[in-house]
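Participant: This is the structure alone, sequence omitted:
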């Protein structure tokens, strides 16, 4: 699917998550970021430490950041794509103005391969990959009805018979579907972007892959991209989708 010239896309993220809450797993992580940096330094030489600096040089233990990124690696300062790493979390992120699926999946595969070759999974363990697309839509909650907008533009009919004609000033909606290749989630919430106010729509697919079958990851990501692209097209079909061309 070709890229839409006026797409509302903000960010694309591939995440890999794994069990990381035991002392054994945390000990493995101590060596992981150095091993990955050695493998990827030609592509991502710029390193950032995301651990906050506390008064009196108090050291925060790694266990406090389970499932959160504590290191970030880029090609250049402020550049994309980038990858982030923490105990139990690896993500590869890119943004709309440089997004191209073919290039992005190549970078993602490079990072994911470095991780899967560096981290010592136990036999039979699983990791959990996700593909996420984050889109932003400008909207004035004070002067328009978000329920009407979602029905007209997104074919999503939310009815609240107790609103007494009041305009909702915030929205938070999430739905999950079971697909052949994983769980598809769609989340709508208030958001701001580049000084504008509105709402974000995050669509994602998630599955689990046994480490011994890690070779399935690239195929799953390509299939997920096709499923999410079609879901977005169906969700916004008509006037909304045509405005992105």
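Facilitator: All right, it came through fine. These numbers were taken from a predicted model, which means no experiment stands behind them.

Participant: where does residue 49 land on pLDDT?
Facilitator: As summarised for this prediction, residue 49 has a pLDDT of 90.

Participant: hey, what's it bridged with?
Facilitator: Beta bridges link residue 49 to residue 71 when assigned by DSSP bridges.

Participant: Just to check, it is in contact with residue 70?
Facilitator: Yes - when contacts are counted by Cβ atoms under 8 Å, residue 49 is listed as touching residue 70 (7.2 Å). All C-beta atoms are positioned from the backbone trio N, CA, C, and that covers glycine.

Participant: The two: which is more packed in?
Facilitator: residue 70 (20 against 10; other Cβ atoms under 10 Å).

Participant: quick one: contacts for the more buried one?
Facilitator: By Cβ atoms under 8 Å, 6 or more residues apart in numbering, residue 70 lies in contact with 49-51, 62, 85-87.

Participant: Let's see that with 7 Å instead.
Facilitator: 50-51, 86 (Cβ atoms under 7 Å, 6 or more residues apart in numbering).

Participant: how close does it get to residue 32?
Facilitator: Residue 70 sits 11 Å away from residue 32 when distances are taken as Cβ to Cβ, to the nearest Å.

Participant: can you check residue 156 too?
Facilitator: For residue 156, the distance to residue 32 under the criterion Cβ to Cβ works out to 41 Å.

Participant: What is the burial count for the closest residue to residue 88 other than its chain neighbours?
Facilitator: If the residues on either side of it in the chain are set aside, residue 88 comes closest to residue 20, at 3.1 Å by Cβ to Cβ, 6 or more residues apart in numbering. Burial of residue 20 is recorded as 19 neighbouring residues (other Cβ under 10 Å).

Participant: Assign residue 20 to helix, strand or coil.
Facilitator: On the three-state scheme (DSSP: H, G, I helix; E, B strand; the rest coil), residue 20 is labelled coil.

Participant: what are the phi and psi angles of residue 228?
Facilitator: Here is the backbone geometry of residue 228 (degrees, to the nearest 10): phi -70, psi -40.

Participant: Show me where this structure has its helices.
Facilitator: With helices called from DSSP state H, the chain shows them at 23-40, 101-118, 146-154, 217-235, 239-242.

Participant: closest one to residue 133 among those?
Facilitator: Go through the helices of the chain one by one with Cβ to Cβ and the one that ends up closest to residue 133 is helix 217-235, at 5.8 Å.

Participant: helices and strands around the closest one, which ones?
Facilitator: Helix 217-235 is packed against helix 101-118, strand 126-138, strand 196-206, with contacts defined by 3 or more Cβ pairs under 7 Å, 6 or more residues apart in numbering; DSSP states H and E.

Participant: what ranges of the chain fall below the confidence cut-off?
Facilitator: Along the chain, the model assigns pLDDT under 70 to residues 1-2, 53-59.

Participant: Tell me the buried residues in stretch 158-172?
Facilitator: Going by neighbour count (16 or more other Cβ atoms under 10 Å), the buried part of stretch 158-172 is residue 171.

Participant: got a list of contacts for that stretch?
Facilitator: Under the criterion Cβ under 7 Å, 6+ apart, residues 141-142, 145-147, 150, 173, 188-190, 199 lie in contact with stretch 158-172.

Participant: how many neighbours does the closest residue to residue 5 other than its chain neighbours have?
Facilitator: Distance criterion Cβ to Cβ, 6+ apart; nearest residue to residue 5, sequence neighbours excluded, is residue 245 at 6.5 Å. Neighbour count of residue 245, defined by other Cβ under 10 Å: 9.

Participant: Identify the residues contacting residue 245.
Facilitator: For residue 245, the contacting residues are 4-6, taking Cβ under 7 Å, 6+ apart as the criterion.

Participant: Show me what the residue nearest to residue 174 when sequence neighbours are not counted bridges to in the sheet.
Facilitator: Take residue 174 and drop its neighbours on the chain: the residue closest to it by Cβ to Cβ, 6+ apart is residue 187, 4.6 Å away. Going by DSSP bridges, residue 187 is paired in beta bridges with residue 174, residue 202.
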